[in-house]
Structures are given as C-alpha cells and as structure tokens.
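S.K.: Pasting the sequence and the predicted model now:
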Amino acid sequence: MATALDVRSAQGAPAEHPHHRAAHRSPKVTQWQVIRSEWIKFWSLRSTPITLISAVVVFVGMGMLASLISTNADVTQMHAEMSGGQSGFAGISGPTEISLSGLNLAQLVFGTLGVLFMAGEYSTGMIRATLTAVPKRLPVLWAKIAVLGVVVFAVTLAAAFVAFFGGQLIIGDGGATLGDPGALRAVFGAAVYMTGGAVIGLALGALLRSSPAAIATLFGIMFLLEGIATLLLPQAWQDDVIKFLPSAAGSAVGAVTPGPFNLEPGPALAVFAGYLVAFALAAAWRLKHHDA
C-alpha cells in the first residue's frame, strides 16, 4: 500500500483519459470565428448576389422612373396646386422622396434575402451541422445579423445615394441637394429602413423556419398591417396606433418633412429599433429552446 502511494505521489495525479485531454485542448469557438464562417456562408449562397442586385435595380430603377414621371408638366402643376400654389414638389412628395420611391418594394427584396439566409439552412438541413459546430447556438444568430446588417446597410446606402443623385439629375430645376433640410437624413433613413427589413426577415426565418411562411409574414407585417389596422381600428384610435407600427415607424425615420400623423424621425428610429430588438430576441429564444 505504501509503495503504491509513493508511486502515485511521485507520478502526480492520475493521467486524464485521452478523450478528456482532447476536449481540454480543443480550441474555443469565438464569436469572431462564427462571424467569419457566416460571412463565407453568406457569399457562397447563389441567392445572395442575385437578390442584392435585384433589390438595387428595383430601388434605383423605380426612383429614376418616378423622377422621370414627375418631370411631366401636368404632374408638376398638380403638386403645385396641392401645395397651395407653391413651386416644386412640396405638396405630395418632394424631389427627395420621389427619387427614393423604390424604397418599399426594395425593402421586401432585402427582407427576402434575410429570410433565405436563415430559413434556407433549415430547408437544407445545414442548420444541424452549424449548431453542432457552435453548440451555444446564439452566436450563430448574432453572427448572421451582423453579416447581413453590414452588407445590406453598405449596399443600400450606396444605392440610396445613386437613386438620389440620379433622380435629382432627371428632375433638373426644382430638384433637391444633400444640403436641403432633411435630404441627407432621408438617404441614410432609407438605408436604415431597408436594413431593418432584412433583419426582420432573418428573425422571421429563425422563428418560422420556413422560407415561404417567413416571406408571407414579412409581407403582411411591412405592407398589409397598416391597411388592416385602418379597417379594424376605430377612427379615434387610428392616428395614435398606426404611426407606431413597424412600417410606419421605419418609413418615418427618413422622412424629409414628417406628416401630421407620423412620428418625428428621432422617436421613429427608437420605435423601429425596438421592433428589431424584439424580433431578434424572439428569434434567439426560439433558436435556444427548440431543436433544429
């Protein structure tokens, strides 16, 4: 017995099992590594460049078309009459809003990209390999949001500047400049709104795990919800409720001149950001507590 104790004392603690040593030596998965992985995955999808290009073409193209139509003398006169005889486009939409009029449709395309980036992994079964590599799960969601948000914001901001300058070039006299009140905010607000739509799409993809269901839900939230609220809510409630809906708050972020029943850009940004956080937290709960 004493010999055995002496041997153990000389040799130290018992050797660990080989599997334990391997687990101890395995590198820790960091958030940055997950982001790099999701970045590679994002650009490896065939839908990524197609969707990005389609969204930019829709956004810029519709803005150019609207700017071209607005140069019609009859349309210009209508705007002047609706604005009480003022010159320019201040009555219904100013030249800045006209050049950015492709915003809503492009936002749906970017939202679809977000859905595909997340729900596509469930349809192919790739999500199981992803969560095996990152067992804590939530770093995957944060990485996807980071990658999608950075890419979409960069693309939409560049597209918004192109749409703005192109539209003002078409409009010519009476057009806006970035130095006009609210013009620069409108350009950045358009990028924020479209990026937020993409993040909401990604969160819906994580919640519903089905691309068709998530895209349909995104369309309902961003396009139909205001109309439904208008039909169902009493007239006395509409002005106080509708301005807080996601689409109304998001579009008000970049409004050159906020409407009488819309939020100011600052509060609108806070409300829209609150929706993004709420959708992201709901997606995180679903991802954390339900099997793939």
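M.R.: Thanks, I have it.
S.K.: so who does the nearest residue to Pro265 once chain neighbours are set aside touch?
M.R.: In this structure, Pro265 finds its nearest non-sequential neighbour in Val253, 5.6 Å apart by CB to CB, 6 or more residues apart in numbering. To be clear about C-beta, it is placed using only N, CA and C from the backbone, and glycine gets the same treatment. Val253 sits next to 189, 192-193, 265, 268-269, 272 when contact means CB atoms under 8 Å, 6 or more residues apart in numbering.
S.K.: Check pLDDT for those and point me to the minimum.
M.R.: Across the set of those, Pro265 stands lowest in pLDDT, at 92.
S.K.: Tell me if I'm right that that one and Phe188 touch.
M.R.: No. In this structure Pro265 lies outside contact range of Phe188 using CB atoms under 8 Å: 10.1 Å.
S.K.: quick one, what contacts Ala229?
M.R.: 238, 241-242, 245.
S.K.: For Gly220, see how far away Phe42 is.
M.R.: To Gly220, Phe42 is 26 Å away according to CB to CB, to the nearest Å.
S.K.: Do I have it right that Thr96 meets Gly174?
M.R.: No. At 11.7 Å, Thr96 and Gly174 do not qualify as touching, with contact defined as CB under 8 Å.
S.K.: So for these two, which sits in the more crowded spot?
M.R.: Set side by side, Thr96 and Gly174 show more neighbours around Thr96, with 31 against 17, by other CB atoms under 10 Å.
S.K.: Show me what the host helix or strand of that one is packed up against.
M.R.: For Thr96, the host element (DSSP states H and E) is helix 95-99. In terms of contacts (3 or more CB pairs under 8 Å, 6 or more residues apart in numbering; DSSP states H and E), helix 95-99 is packed against helix 47-70, helix 138-171, helix 183-208.
S.K.: now with 6 Å?
M.R.: Applying 3 or more CB pairs under 6 Å, 6 or more residues apart in numbering; DSSP states H and E, we find helix 95-99 packed against helix 47-70, helix 138-171.
S.K.: contact partners of the shortest one?
M.R.: It refers to helix 47-70. Helix 47-70 has contacts (CB atoms under 6 Å, 6 or more residues apart in numbering) with 42, 98-102, 105-106, 109-110, 113, 116, 155, 159, 162-163, 166-167, 170-171.
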